[in-house]
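In: take this sequence and fold it.
(chains A and B, ligands or ions: 1)
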Amino acid sequence: MSSADNPFKNSDGTELSCIQMLNLILDGDASPEQHQYFKKHLEECMPCYKSHELDIAIRDLLKVKCSGNHVPDDLVNRIKTASQKNNNGR
Amino acid sequence: MEESKKQDYSEKEKLEIFNNEFLPHINSMYNFGYRLTLDEDDAKDLVQDTYLKSFRFIESFQKGTNAKAWLFRILKNSFINDYRKRSKEPSKVDYQDVESYYNSDDVDRQITTDLRVETLQDMIGDEISNALNSLDVDFRTVIILCDLEGFKYDEMAKILDIPIGTVRSRLHRARNLLKEKLSDYAKKMGYKN
Ligand SMILES: [Zn+2]
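Out: This next block holds a predicted model:
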């Protein structure tokens, strides 16, 4: 893979480091082309492979454990009542 | 969010926007409120307050645009302006610590952690939640916005009113801090890593 094919470049033309590529992928800000390149890179770069695996695992754990806060039943009604009162009060 | 001109909605349209575009995000909003305040009652108040504001300012919202980001920004501002000010609890944050973290050059440093995927898979309790909650609120916020809610850099920049570069660096520091916390938990759990 020549560096000309590397879609991970800074504005000054220098290539991104492994960790910079990894973060871009993980943050969902990479292009399809970058995803493709990174997939190949993972096959030959052990540090990236390990970090990637760990980062994905952390993210999955976060999603399972930290996003499921049950909304209190009365909250939606409280909001609806309050907003209607507000609206009619004008 | 964009400084677009004010919309002119009928009362019926306002209710439609509120019910169809704003209310469906209540789960995410409550979770965000809870993760910021770490208190269920405060989270409820913050979310209710945010929704009332969204109704009051509905004319600055352009129908069909990113309602979720717009709401998150209102909630974040309410938290900073109202909640944080009246909160009696003294800040537990060591600001010098945070500052030095913000200003250090280690944003692209790969932290050497001996944390293993298998260890994470054994964290079936509240370890990750506690680790997240123990981070400084600014770091906690970027993890929630990116990893839980899937916002992109540019959306996060608008929600938080900070440059994209700052979003990026804050996010990576937050991830490193989270890994360090998890690594500490792992050691306490008795993993020999
Ligand atoms: Zn690599």
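In: which bits of chain A sit near chain B?
Out: Chain A comes close to chain B at residues A:17-20, A:23, A:27-29, A:47, A:51, A:53-55, A:57-59, A:61-63, A:65-69, A:71-72, A:75-76, A:78-79, A:82-83, A:86-87, as judged by CB under 8 Å from any CB of the partner chain. In short, each C-beta sits where N, CA and C put it, glycine included.
In: filter these by proximity to the ion?
Out: residue A:18 (CB under 5 Å from the ion).
In: take the residues of chain A next to chain B and keep only those in helices.
Out: A:18-20, A:23, A:47, A:51, A:53-55, A:57-59, A:61-63, A:65-66, A:75-76, A:78-79, A:82-83, A:86-87 (DSSP state H).
In: for PyMOL, write the select line for the buried members of these.
Out: To isolate the buried ones among these in PyMOL, judged by 16 or more other CB atoms under 10 Å in any protein chain shown, type:
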select buried, chain A and resi 18+19+20+23+51+54+55+57+58+59+61+62+65+66+75+76+78+79+83+87
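In: which helix in chain B runs the most residues?
Out: helix B:164-188.
In: counting contacts, what elements does that one pack onto?
Out: helix A:18-26, helix A:46-66, helix B:95-103, helix B:127-134, helix B:137-143, helix B:153-160 (3 or more CB pairs under 8 Å, 6 or more residues apart in numbering or on different chains; DSSP states H and E).
In: repeat that with 10 Å
Out: helix A:18-26, helix A:46-66, helix B:95-103, helix B:117-121, helix B:127-134, helix B:137-143, helix B:153-160 (3 or more CB pairs under 10 Å, 6 or more residues apart in numbering or on different chains; DSSP states H and E).
In: mean pLDDT for these - can I get that in CSV?
Out: Below are the helices and strands packed on helix B:164-188 laid out as CSV (pLDDT from 0 to 100):
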stretch, mean pLDDT
helix A:18-26, 88
helix A:46-66, 90
helix B:95-103, 49
helix B:117-121, 84
helix B:127-134, 93
helix B:137-143, 95
helix B:153-160, 95
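In: wait, what's in contact with residue 22?
Out: Using chain A. Counting by CB atoms under 10 Å, 6 or more residues apart in numbering or on different chains, residue A:22 touches A:16, A:30, A:38, A:41-42, A:45, A:47-48, A:51-52, A:55, B:110, B:172.
In: to clarify, I was referring to chain B.
Out: Here residue B:22 is in contact with A:79, A:83, B:29, B:50-51, B:54-55, B:58, B:61, B:67-68, B:70-71 (CB under 10 Å, 6+ apart).
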